[in-house]
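Participant: any chance you could fold what I've pasted below:
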Amino acid sequence: MLSQPISVSFNLNGQEVTIETGKLARQADGAVTVRQGNCILLATAVANAEPKEGQSFFPLTVDYTEKFASAGRIPGSFFKREGRLSDYEVLISRLIDRALRPLFPEDYFCDVQVLVTLISSDPEVMPDALACLAASAALAVSDIPIKEMLSEVRVARIDGNMVVNPKRSELANADMDFIIAATEKNLMMVEGESKECQEEDLVKALEIAHEAIRMQIKAQQELRDKKGVTGKRDYKKPELDEALKNVVDSFAKDKLYTIATSKSAKHDRSDAFKTLKEELVASLGEEAEDAQKKLAVKYLEDLQWEVVRNMILDDRTRLDGRKLDEIRPLAMETDVLPSPHGSALFTRGETQSLTTVTLGTPLDELLVESAATSEYSKFILHYNFPPFSTGEVKPMRGPGRREVGHGNLAMRSLRQMAPGKDYAYTIRIVSDILESNGSSSMATVCAGSLALMDAGVPMPKHVSGIAMGLITRGTDNKYAILSDILGDEDHLGDMDFKVTGTRDGICGVQMDIKIDGLSMEVMREALNQAKAGRLHILDAMYQCQPEARPEVKPHTPRMEKLIIDKEFIGAVIGPQGKVIQEIQRETGTTINIEEVGATGEVSIFATEKESLQKAIDWVRGLTAVPEVGSVYEGTVKSIKEFGAFVEFLPKKEGLLHISEISWKRLNTMEGVLNDGDKVKVKLIGIDQKTGKFKLSRKALMPKPEGYVERPERPEGDRPQRRDGDRGERPQRREGEKPRFEKPRRESGEQPQPQQGDEGMTQQPE
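Facilitator: Residues are numbered from 1 along each chain as shown. Coordinates of the predicted model:
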């Protein structure tokens, strides 16, 4: 007989959230669905009963995936099915993983797999804020040994108010956006971005998030109790050998302290630790078994972790001899590469980033797809971490989750100061880490800011970043906050957090906390120390590149954006795109047109300034409305006896009559103008009935000296017309001959032009 589903519900920000178990995926160790609105997430958790032979680390796998069917869509790939995780899915997977991993027992080495799948999408509900709740609930209703339950929420500041898990449409107006994970007592993970918020604003967001998380944890406890889960499974623990541990302590403790206080470089220190490990294994003798040797190495690593931490806490000094708040030496330069549109080399201690900026057209935008959204991004950042940066040999398999996460943090931080959607260029930043010993992601932020300004991107302020560490000791409540941490300090610390920002506020945060009981006072102190370090780095960056270049480099594609009336978009594109294709072909430019409300945005890109101007003039001509009195640069299209037809705007021609070419009377057009000649003309009239344009060249020329306009005959001197039309002819006296007499011509004979009648032939319709 099938068991009945069990569910609990709670209200969050005015919306009901329901967690249910017992209906789907019942063969998993734990399975739940989380629902808010029409958004439904399925989370499952499965763990092996036994660890693998010789397993020495915790193999946790967390994958978040979105089914396109959840939003009624078919994937756009060639195979029409979901493939490898997208960057968006990887980032949410990391949010869950970083929060869960510290909550498993340190001696638990069984494989654990947590899968969270979006099976129904709601356009207004952000699934990333519910994913960790689903994962934790799946573990809570299982017997997998996790120490505590936790959850995550999003906190955004919208119109000055902190909102928990806002709707997607509301989030568009947020100037703070953070996702926070916590247990009932302690914060576990923070990640997000803001438009220069203050440290106290972040602390307030953390406090609000923790209250909402406690509500979600209470709901998980209620669900677990309803299901009847009373305990967690037993598991095989690693063997302990106290005698061997004492041998390792007595052999290596003093030597480890000597190495830790040597203030040597990274590789020298690593070589010294490696040599000590080899000496320890050799001291055990040939009769020692492999298992005993492995256990001795593990005890050595544990002892190294303890010795270095105590050195920092008691001596208030660090592995490289720096003070706790001291920043490593900085070196930076811009314009280091001749061909990229912008470049910078940033070095901090033994960490180095070579970063380039490429400016492309709107055709280079990145399509970012999820089940619920399909958007284009004009600001792209890619982070590369080749193995040589740490002196290692590894296969190159493309960017991993770490690279995706580090690149995303740098991208979100720099985006706060980057120009908005009105900026016509697509911006791609690439950070190649050439050397790494601590916080290459923060080096990417600094190098990226410098390279953007070197490229001429209008960044109003520099953005810098710094990685911080925290070491605590519960026995005497001692703690040490470390600025600009090394790689080794990152590994042995209780908290590492990265803070980016300008001189005026925070732009990005990424924080992982590995201990219980972190107080808000310690958090405030750490944030203030991070601010001091950030400002120190910013001072050096402004000395290197004080501001953005006033314009892009000569070899950068030139860009101009024109705003036209919506009604002219069709004229620029032409039938089947013929006009815009002709413009691009003839000028060598790239043109992109977007409809924005009642206007059209025409973005024109060219490698040469002359080509850009030619295309601009062409588009302006197609969209311009001819105005009487305006002056135009025209091209002679055809010559007639009575004048010339001139194209003064694209596809718009007017008649330049022979009498309007010059103040001097012209008897013929021969030798005056030729097809293809460029001529400046003034629009002097538009026929209201036919719409034909009348042009003048002489109107732009000075009148000859002594030139006298023919005076108009006064109205009273004109002959009277009869019948109101032709007027009445004066009567001739009897016998008087007419003053003018037309010569008679034979039938079929053509009239001959009289002297002075040049140019008076009838104009074509």
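Participant: hey, let's count contacts and neighbours off CA atoms from now on
Facilitator: Fine.
Participant: for the helix or strand Q543 falls within, which positions count as buried?
Facilitator: Element membership for Q543, per DSSP states H and E: helix 520-544. Under the neighbour-count criterion of 16 or more other Cα atoms under 10 Å, helix 520-544 has 526-527, 529-531, 533-535, 537-538, 541 buried.
Participant: partners of the host helix or strand of Q510, with directions?
Facilitator: In the assignment (DSSP H and E), Q510 maps to strand 505-513. Strand 505-513 sits in its sheet next to strand 187-197 (antiparallel), strand 495-502 (antiparallel), going by DSSP bridges.
Participant: tell me the secondary structure for D617?
Facilitator: helix (DSSP: H, G, I helix; E, B strand; the rest coil).
Participant: before we move on, the earlier item: I96: which of the strands paired with strand 505-513 is closest?
Facilitator: Set against I96 and scored by Cα to Cα, the strands paired with strand 505-513 come closest in strand 187-197, at 9.3 Å.
Participant: and the angle from that closest one to helix 520-544?
Facilitator: Per axes from the mean of the first three to the mean of the last three Cα atoms, to 10 degrees, the angle that strand 187-197 makes with helix 520-544 is 40 degrees.
Participant: do I have it right that A272 meets T258?
Facilitator: No - the pair A272 / T258 is not scored as a contact, 10.0 Å apart, by Cα atoms under 8 Å.
Participant: higher neighbour count, the two?
Facilitator: Applying other Cα atoms under 10 Å to A272 and T258 shows that A272 carries more neighbours, namely 17 against 11.
Participant: skipping adjacent residues, who's closest to the more buried one in space?
Facilitator: Excluding the flanking residues, the one nearest A272 by Cα to Cα, 6 or more residues apart in numbering is I259, at 6.8 Å.
Participant: tally up the residues packed near the one you found, please.
Facilitator: Neighbours of I259 (other Cα under 10 Å): 19.
Participant: for it, give me its contacts.
Facilitator: 269, 272-273 (Cα atoms under 8 Å, 6 or more residues apart in numbering).
Participant: pLDDT weak spots in the stretch 1-150 of the chain?
Facilitator: 1-2 (pLDDT under 70).
Participant: and the strands in it?
Facilitator: 6-12, 15-21, 30-36, 39-47, 60-66, 112-120 (DSSP state E, counting those that start in this stretch).
Participant: most tightly packed of those?
Facilitator: Highest mean neighbour count among the strands of the stretch 1-150 of the chain (mean count of other Cα atoms under 10 Å): strand 30-36, with a mean of 26.
Participant: and the angle from that strand to strand 39-47?
Facilitator: 160 degrees.
Participant: report all helices and strands that strand 30-36 contacts.
Facilitator: strand 15-21, strand 39-47, helix 128-140 (3 or more Cα pairs under 8 Å, 6 or more residues apart in numbering; DSSP states H and E).
Participant: outside of that strand, which residues touch it?
Facilitator: Under Cα under 8 Å, 6+ apart, the answer for strand 30-36 is 15-22, 24-25, 40-46, 125, 130, 133-134, 137-143.
Participant: please redo it, this time with the cut-off set to 6 Å
Facilitator: Strand 30-36 has contacts (Cα atoms under 6 Å, 6 or more residues apart in numbering) with 17-21, 40-45, 134, 138-139, 141-142.
Participant: same check, this time on stretch 316-325
Facilitator: Stretch 316-325 is contacted from outside by 260, 263, 312, 482-483, using Cα under 6 Å, 6+ apart.
Participant: run the last query once more with 8 Å
Facilitator: With Cα under 8 Å, 6+ apart as the criterion, stretch 316-325 contacts 260-265, 308, 311-312, 328, 480-484, 529, 533.
Participant: which of these are buried? Put it as a PyMOL command.
Facilitator: Selection of buried members from those for PyMOL, criterion 16+ other Cα under 10 Å:
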select buried, resi 260+261+263+308+311+312+328+480+481+482+483+484+529+533
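Participant: in helices only, show me the contacts of stretch 316-325.
Facilitator: Using DSSP state H, the subset of the contacts of stretch 316-325 located in helices is 260, 308, 311-312, 529, 533.
Participant: what about A172, neighbour count?
Facilitator: 11.
Participant: how close does it get to P166?
Facilitator: From A172 across to P166, the span is 10 Å (Cα to Cα, to the nearest Å).
Participant: what does L118 give?
Facilitator: Distance from L118 to P166, by Cα to Cα: 18 Å.
Participant: please name the residues that touch the nearest residue to Q55 once chain neighbours are set aside.
Facilitator: Nearest non-adjacent residue to Q55, counting by Cα to Cα, 6+ apart: F109, 6.4 Å away. F109 makes contacts with 51-52, 55-59, as judged by Cα under 8 Å, 6+ apart.
Participant: rounded mean pLDDT for the top helix by length along the chain, please.
Facilitator: Criterion DSSP H: the longest helix present in the chain is helix 199-227. In this model, helix 199-227 carries a mean pLDDT of 95.
Participant: buried sites along that helix?
Facilitator: Under 16+ other Cα under 10 Å, the buried positions of helix 199-227 are 199, 202-203, 205-206, 208-210, 212-214, 216-217, 219-221, 223-224, 227.
Participant: any idea how far it is from the chain center?
Facilitator: Mean C-alpha position of helix 199-227 versus that of the full chain (Cα atoms, centre = their mean, to the nearest Å) differs by 30 Å.
Participant: for it, name the packing helices and strands.
Facilitator: Helix 199-227 packs on strand 6-12, strand 15-21, helix 128-140, strand 151-158, strand 161-164, strand 174-182, helix 520-544, going by 3+ Cα pairs under 8 Å, 6+ apart.
Participant: between strand 6-12 and that helix, find me the angle.
Facilitator: Using the same axes, to 10 degrees: helix 199-227 against strand 6-12 is 160 degrees.
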